[in-house]
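[1] What shape does this take:
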Amino acid sequence: MAPEHFLHQRVAEELSHHPPFSELAGDGLLLLAEHVEVKYLGPKEWLFSEGDELHDFIYFVNKGGVELLRGEDIVDHVDPGEMLGLRTLFENSHYRASAKPIGNGDALLYAIPVELAKKVLVENQQTSHFFQLDWKGNREDFVPSGISLRRLMKKEGSSIVLPITEETQKLEWTAAVVAHEDAPLRNVVELMNEWRSDAVVVVDRKNWPLGIITDKDIRRSLIREDFSRSLPVSAYMSSPVLTFSENLSFSAAVVAMMEHRIHHLVITENGTSQSPVMGIISDHDVLLEQALTPSIITKKMGRVKTPVELERLNERIEVLRNNYLKADVSMEVVLKIMTRFYEGLTLAVLRIVQRNIGAAPCEFTWLALGSLGRGEQVLRTDQDHAIVYEKAEHADYFGKLASGVSDLLERVGFEPDHFGVSATSKLWSGTPEVWERRLLSWVREPVEDALLQLSITQDARAIAGNPQVAAAAFNRFYKALNEDSATLLVMAKDALRNPSPLNIFKQLKLEDDGQFDLKLRAILPFIDAAKVLAAYGGNSHLANTRDRLEKSKDGSNDELITSAQHAYEILLQLRLKFGLKDGSSGRYINPKTLDQLDRQLLRNVLKTLEALQSHIKLKFKL
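    Got it, this is the predicted structure:
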């Protein structure tokens with residue numbers, strides 16, 4: 001492989017883990033990677049300055065981090081996996097902030113040509129939703145991702161038009177990072193870095209607020225003759241601090257920030273400085289709280305600190321999902337967006353738990369199973385996960401980690417799996433060696449429970465930790481499964497255990513209670529058929545149902561497989577529709593509630609299932 005081709009592949013691989021690049025299909029990602037320019041920024045080296053003409057590139061932060069400044073004020077941090085300079089996609093003007101590596105660090109960026117980005121990202125239906133950031137529906141008051149309220153306040157020659165529907169809407173605050181007044185400044189800076197926060201509330205022994213210290217305060221203190229990192233933070237903080245109650249409204253927050261020319265408001269129990277600190281609101285948060293776009297929610301997900309914040313964000317995710325459905329966004333796009341959100345939620349849960357129990361003592365891989373593993377989760381369903389950890393002596397730690405994750409996921413609405421498919425179970429945790437023995441035994445003897453476990457494992461997908469910890473064991477599992485014709489035959493027979501639930505009169509076969517089990521009678525048969533067809537073609541490593549079906553095309557069955565892909569998407573839409581309507585998982589449907597269109601859609605889908613199962617019978621001579 002030519003060195004430059006290897007570099008392009010590496011860039012494409014790194015981009016593929018982050019939205020919107022993760023949503024690109026076909027050759028779009030590699031096309032971007034082939035035209036990327038790698039740019040290194042040394043400490044205090046400026047990428048661009050406020051007032052400069054917009055570059056012919058947008059930028060992706062690969063390593064390090066970039067801070068955006070307006071004057072001396074930091075207006076945003078751009079972390080690895082995020083983009084900046086997006087304004088150039090939509091207008092010809094000048095940069096409204098300066099950009100350089102955070103603090104005294106350096107940064108590695110990918111520069112993507114703007115014209116190519118427009119073509120591959122903005123004008124692409126799969127990714128265009130990530131750039132819908134103008135809440136007012138026009139570009140006149142365009143608000144790019146990461147803008148802060150102070151930038152709108154200082155906008156000359158125009159009034160402030162805020163994207164808000166109700167001035168009295170209650171704001172959601174985030175947990176404050178706090179430090180005792182006697183804490184050395186160096187410890188406070190470490191806290192800010194650890195929590196990726198630009199402000200720390202300074203408190204007394206009662207947790208009452210005494211002041212606040214921000215990035216700006218620290219920069220100003222550097223020029224003081226008596227500056228010392230060992231001095232207490234109280235020597236550098238700004239005080240007194242402005243406090244409010246938790247019922248602070250959007251309009252009140254805006255007015256307070258403008259009147260007092262401050263960028264942070266502290267929330268206390270009774271709204272005064274004579275009560276404990278509860279949280280903090282920044283001007284940046286005020287605008288982001290009003291935004292319902294994938295990129296902003298993804299960014300907020302990466303900064304969640306508490307379970308309460310996680311619950312709030314999960315609610316916002318579901319509001320966005322519902323908005324997409326009302327806007328008739330394709331199911332394929334909705335699935336991709338929701339998959340990224342639920343992956344991000346799992347990562348946030350892992351971070352919160354690890355802050356309580358400490359960092360992992362060795363490398364591990366966190367695996368998503370079930371619908372999240374397949375990239376098809378759109379509702380709060382039960383939990384399905386597993387874990388592979390490097391060293392057996394650390395089993396107790398990973399047991400605590402799994403329990404903490406399971407408990408927190410349950411708190412935000414994801415029930416534990418009824419069959420015990422969980423990283424808390426010994427069956428779904430262990431070292432690579434344990435996993436390899438377990439997986440190969442399921443392939444060699446696919447009987448009773450082993451067959452079910454084999455099917456569940458095919459949905460496994462690494463979403464956290466180091467995927468290489470699990471890679472070798474699972475690759476041997478996939479290879480063994482692809483090559484074991486006897487096991488594939490057993491899987492094919494099992495895939496036919498639930499035939500299409502239409503009787504000879506093409507009416508639905510119902511459960512004893514008169515309900516139709518959409519998951520058992522329709523969705524799972526498609527999933528099982530896709531699994532066995534993918535494995536038959538040597539592609540058991542694929543987790544997504546649509547991808548599995550796509551790889552099973554052989555020239556003679558293309559029309560049938562395409563129909564099966566569309567049918568499966570319709571099933572997921574129906575499940576989501578009835579799940580939202582009934583406030584349930586959407587598994588069970590009362591046929592009496594189906595309108596004529598839904599009834600006909602379901603019949604057509606099940607006819608396609610009949611044809612797909614007949615195809616399996618012929619292929620495996622059953």
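
[2] Which helix or which strand is home to the closest residue to Ala256 other than its chain neighbours?
    Leaving out its chain neighbours, the residue that sits closest to Ala256 by Cβ to Cβ, 6 or more residues apart in numbering is Leu265, at 6.1 Å. For glycine as for every other residue, the C-beta is placed from the backbone atoms N, C-alpha and C. Here Leu265 sits within strand 264-268, counting by DSSP states H and E.

[3] swap in Leu68?
    Going by DSSP H and E, Leu68 is part of strand 66-70.

[4] who does that strand touch, helix- and strand-wise?
    strand 73-78, strand 98-101 (3 or more Cβ pairs under 8 Å, 6 or more residues apart in numbering; DSSP states H and E).

[5] Any chance of CSV for these, columns mean pLDDT?
    Formatted as CSV, the helices and strands packed on strand 66-70 follow (pLDDT from 0 to 100):
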stretch, mean pLDDT
strand 73-78, 76
strand 98-101, 92
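
[6] Let's have those in a markdown table, adding distance to Lys299 and mean neighbour count.
    Putting the helices and strands packed on strand 66-70 into a markdown table (distance: least, Cβ to Cβ, whole Å; neighbours: other Cβ atoms under 10 Å) gives the following:
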| stretch | distance to Lys299 | mean neighbour count |
| --- | --- | --- |
| strand 73-78 | 9 | 21 |
| strand 98-101 | 17 | 21 |
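
[7] about what we covered before: tell me, how many residues neighbour the residue nearest to Ala256?
    Per other Cβ atoms under 10 Å, the neighbour tally for Leu265 reads 25.

[8] For the chain, which residues score under the pLDDT cut-off?
    1-7, 25-26, 128-172, 250-251, 255, 258-259, 284-296, 326-328, 502-507 (pLDDT under 70).

[9] Give the residue farthest from the middle of it.
    In the chain, counting by Cα atoms, centre = their mean, Glu225 sits farthest out from the average C-alpha position, at 45.7 Å.

[10] Got phi/psi on that one?
    With angles defined as degrees, to the nearest 10, Glu225 sits at phi -70, psi -30.

[11] Quick check: the residue nearest to Ala256 touching Met257?
    Yes: with contact defined as Cβ atoms under 8 Å, Leu265 reaches Met257; the gap is 7.1 Å.

[12] tell me the contacts of Lys400?
    Ile357 (Cβ atoms under 8 Å, 6 or more residues apart in numbering).

[13] now with 10 Å?
    Val353, Gln354, Asn356, Ile357, Gly358, Thr424 (Cβ atoms under 10 Å, 6 or more residues apart in numbering).

[14] What about those, which are in strands?
    Judged by DSSP state E, strands contain none of the contacts of Lys400.

[15] among those, who's most crowded?
    Of the contacts of Lys400, with other Cβ under 10 Å as the count, Thr424 tops at 23 neighbours.

[16] Could you double-check that that residue sits in contact with Ala402?
    Yes: with contact defined as Cβ atoms under 10 Å, Thr424 reaches Ala402; the gap is 4.5 Å.

[17] still on that earlier bit, now render the contacts of Lys400 as CSV, adding distance to His55.
    Below are the contacts of Lys400 laid out as CSV (distance: Cβ to Cβ, whole Å):
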residue, distance to His55
Val353, 41
Gln354, 38
Asn356, 43
Ile357, 44
Gly358, 43
Thr424, 50
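
[18] follow-up on the earlier one: now do the strand holding Leu68 against strand 73-78: the angle between them, please.
    150 degrees (axes from the mean of the first three to the mean of the last three Cα atoms, to 10 degrees).

[19] Mind listing the shared neighbours of Thr424 and Ala402?
    His385, Ala386, Ile387.

[20] nearest to Ala368, of the contacts of Lys400?
    Thr424 (14.9 Å; Cβ to Cβ).

[21] Tell me which stretches of the stretch 201-350 of the chain form helices.
    215-221, 250-260, 283-288, 294-301, 307-326, 331-357 (DSSP state H, counting those that start in this stretch).

[22] would you list the ones you listed in a markdown table and tack on distance to Gly586?
    A markdown table is the format used below for the helices of the stretch 201-350 of the chain (distance: least, Cβ to Cβ, whole Å):
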| stretch | distance to Gly586 |
| --- | --- |
| helix 215-221 | 46 |
| helix 250-260 | 34 |
| helix 283-288 | 31 |
| helix 294-301 | 23 |
| helix 307-326 | 13 |
| helix 331-357 | 13 |
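
[23] contacting residues around the closest residue to Ala450 other than its chain neighbours?
    Spatial nearest neighbour of Ala450, excluding adjacent residues (Cβ to Cβ, 6+ apart): Trp442 at 4.6 Å. Residues in contact with Trp442 (Cβ under 10 Å, 6+ apart) are 449-457, 477, 480-481, 487.

[24] What of Val443?
    So Val443 contacts 450, 454, 457, 476-484, 486-488, 540 (Cβ under 10 Å, 6+ apart).

[25] List buried residues within the residues you listed.
    450, 454, 457, 476-478, 480-482, 484, 487-488, 540 (16 or more other Cβ atoms under 10 Å).

[26] Where do the strands of the stretch 351-500 of the chain begin and end?
    Counting by DSSP state E, counting those that start in this stretch, the stretch 351-500 of the chain has strands at residues 364-368, 385-389, 429-430, 461-465.

[27] Of the ones you listed, which is nearest Gln613?
    Of these, nearest to Gln613 by Cβ to Cβ is strand 461-465, at 25.9 Å.

[28] re the thing from before, Trp46: which of the buried ones among the contacts of Val443 is nearest?
    Using Cβ to Cβ, the buried ones among the contacts of Val443 come closest to Trp46 at Tyr478, 47.8 Å.

[29] looking at it, the closest one is touching Asp484, isn't it?
    No: the pair Tyr478 / Asp484 is not scored as a contact, 11.0 Å apart, by Cβ under 10 Å.

[30] Now for the contacts of Lys400: which two are most distant?
    It's Gly358 and Thr424 that sit farthest apart of these, by Cβ to Cβ, at 18.4 Å.

[31] Where helices are concerned, which of the contacts of Val443 count?
    Of the positions in the contacts of Val443, 450, 454, 457, 476-483, 486-488 sit in helices, assigned by DSSP state H.
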